[in-house]
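Enquirer: What follows is a protein structure lacking sequence information:
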């Protein structure tokens, strides 16, 4: 069974196309008009072993908010679709990722219920290039809601804003990769006593 999805999202503010393969080789092609965000999406693909294509055009003359938000929504929808009924997956995944002085912990439950717990140092530098650093939390809020997953993402320590944001994307990617992986002992069943996720 191929675990892939293609999601288009068009609003008065953005046009987004996301193509996703959960069982990829970590190959990403991203064009959002926000270079640092493209760099973060590439980290998500590489460390999550996702084949990921993102094409987004947004109202960047305003700011990067709508582009990041709508990309996260489309990506979350693609993730939900690619997971399907979640037969035989591990369901839970976690990761502890260092990036120089920064350390981030991520835990993911592909539960079918949207919930985000997110902590990072405040205040952060307001911009990395044209990327608004306050959008990191909003990206994960929008993605978890659209994907219907539970994510805990905690920056345990860090000083450099680039490292703090990047380590979050890497940690989430590794935790997602573990959660979405097939569980050879599950026998293709749904990993819940409810019988549904």
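Expert: The structure has been received and is ready for your questions. Small disclaimer: the values here were computed from a predicted structure and weren't measured. Numbering: from 1, shown residues only.

Enquirer: Kindly confirm my reading that residue 93 is in a helix.
Expert: No - applying DSSP: H, G, I helix; E, B strand; the rest coil, one finds residue 93 to be strand, outside a helix.

Enquirer: Use 686 as the first number for this chain going forward.
Expert: I'll keep to 686 as the first residue from here, and by that count the last item is residue 778.

Enquirer: what's near enough to touch it?
Expert: 792-793, 859-866 (C-beta atoms under 8 Å, 6 or more residues apart in numbering). All C-beta atoms are positioned from the backbone trio N, CA, C, and that covers glycine.

Enquirer: How about residue 786?
Expert: Going by C-beta under 8 Å, 6+ apart, residue 786 touches 842-845, 848.

Enquirer: residue ranges of the helices in the protein, please?
Expert: For the chain, applying DSSP state H gives helices covering 720-733, 750-768, 820-832, 846-865.

Enquirer: Of those helices, which is nearest residue 699?
Expert: For these, proximity to residue 699 was assessed by C-beta to C-beta; helix 750-768 is nearest, at 4.2 Å.

Enquirer: Can you check what angle separates the closest one from helix 846-865?
Expert: 20 degrees (axes from the mean of the first three to the mean of the last three C-alpha atoms, to 10 degrees).
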